[in-house]
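Peer 1: take this sequence and fold it.
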Amino acid sequence: MSSVPSPGHGSAASTPSKVAAATLTFWLIKIFCTTLGETGGDAVTMSMNLGYLIGTLLFAAIFLIAITAQIRAKRFHPSLYWTTIVATTTVGTTLADFADRSLGIGYAGGTLLLAALLATSLLLWYRTAGSVATESVVSARAEAFYWITIMFSQTLGTALGDWAADDAGLGYRGGMGLFGGLLVVVAACHFWTRLSKTALFWAAFILTRPLGAVVGDFLDKPLAQGGLSLSRYSASAVLLALIIACVFVFPQRAARQA
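Peer 2: The predicted structure follows:
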């Protein structure tokens, strides 16, 4: 991958990025975040009866505040980084639900649209910076592309998870099996093939979102619909506590090129 110079700090190979390295802890926290995005988003739009549009506007405002602080930061701050990730998962949930249900384009339509937007974001990022690897995120421009790509991936994941569980008829358990199995395949490719680590990272990053979506729905949807009918507020609180514990207990480091 090409390295992207960072003004005043040498090359990306010698400069740590401002985003988290993809460790085992990273993926654990990411799944907690994506599940929280589903339960938290549904808590606001459904349990509070604010609706998808108001919920999207509310979480979009939080996301803009978080991403502004993240981009302005001079170095990697784990708590700020994961706050921004949670913000993308919640706004991704409400935005996907708004597009799929309120605008009436359906899960399949929403999935195709968001997949196209995600692919476009990655292509523009690569053509502009020469790399879409996380360790190359050492400038404000690269970080802007990073978060736009994540935003599209989180929204796509919500639509994809809903499509698999509902339209495809897999249900929540079937959806968990499907996306969990695909993540195992990606992990196996990472360890035992020479496929691009960057491509595999983004594949795993995208797949954790629909996994979190179906897990979140499994936790809080009614028993008659195949869920556990847990309180969205309680589930969200437990997931948030797990995220905070992981962030502060386990070592966090910025991505860096070898």
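Peer 1: quick one, helices of the stretch 101-250 of the chain?
Peer 2: Secondary structure of the stretch 101-250 of the chain (DSSP state H, counting those that start in this stretch): helices located at 106-129, 140-162, 171-192, 197-220, 232-249.
Peer 1: buried residues in the shortest one?
Peer 2: Yep, that's helix 232-249 we're talking about. 232, 235-236, 238-240, 242-243, 246-247 (16 or more other CB atoms under 10 Å). To be clear about C-beta, it is placed using only N, CA and C from the backbone, and glycine gets the same treatment.
Peer 1: got the angle between that helix and helix 197-220?
Peer 2: Put simply, helix 232-249 runs at 140 degrees to helix 197-220, going by axes from the mean of the first three to the mean of the last three CA atoms, to 10 degrees.
Peer 1: other SSEs contacting helix 232-249?
Peer 2: helix 24-42, helix 78-97, helix 197-220 (3 or more CB pairs under 8 Å, 6 or more residues apart in numbering; DSSP states H and E).
Peer 1: save those helices as JSON lines, and put in distance to Ala165 and mean pLDDT too.
Peer 2: Shown next, in JSON lines, are the helices and strands packed on helix 232-249 (distance: least, CB to CB, whole Å; pLDDT from 0 to 100):
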{"stretch": "helix 24-42", "distance to Ala165": "11", "mean pLDDT": "94"}
{"stretch": "helix 78-97", "distance to Ala165": "13", "mean pLDDT": "93"}
{"stretch": "helix 197-220", "distance to Ala165": "5", "mean pLDDT": "94"}
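Peer 1: and these as TSV, adding mean neighbour count and distance to Ile67?
Peer 2: What follows is the helices and strands packed on helix 232-249, written out as TSV (neighbours: other CB atoms under 10 Å; distance: least, CB to CB, whole Å):
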stretch	mean neighbour count	distance to Ile67
helix 24-42	24	15
helix 78-97	25	6
helix 197-220	23	17
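Peer 1: between those, which gets nearest to Gly157?
Peer 2: Set against Gly157 and scored by CB to CB, the helices and strands packed on helix 232-249 come closest in helix 197-220, at 2.2 Å.
Peer 1: tell me what the closest one is packed against?
Peer 2: So helix 197-220, by 3+ CB pairs under 8 Å, 6+ apart, packs with helix 24-42, helix 78-97, helix 140-162, helix 171-192, helix 232-249.
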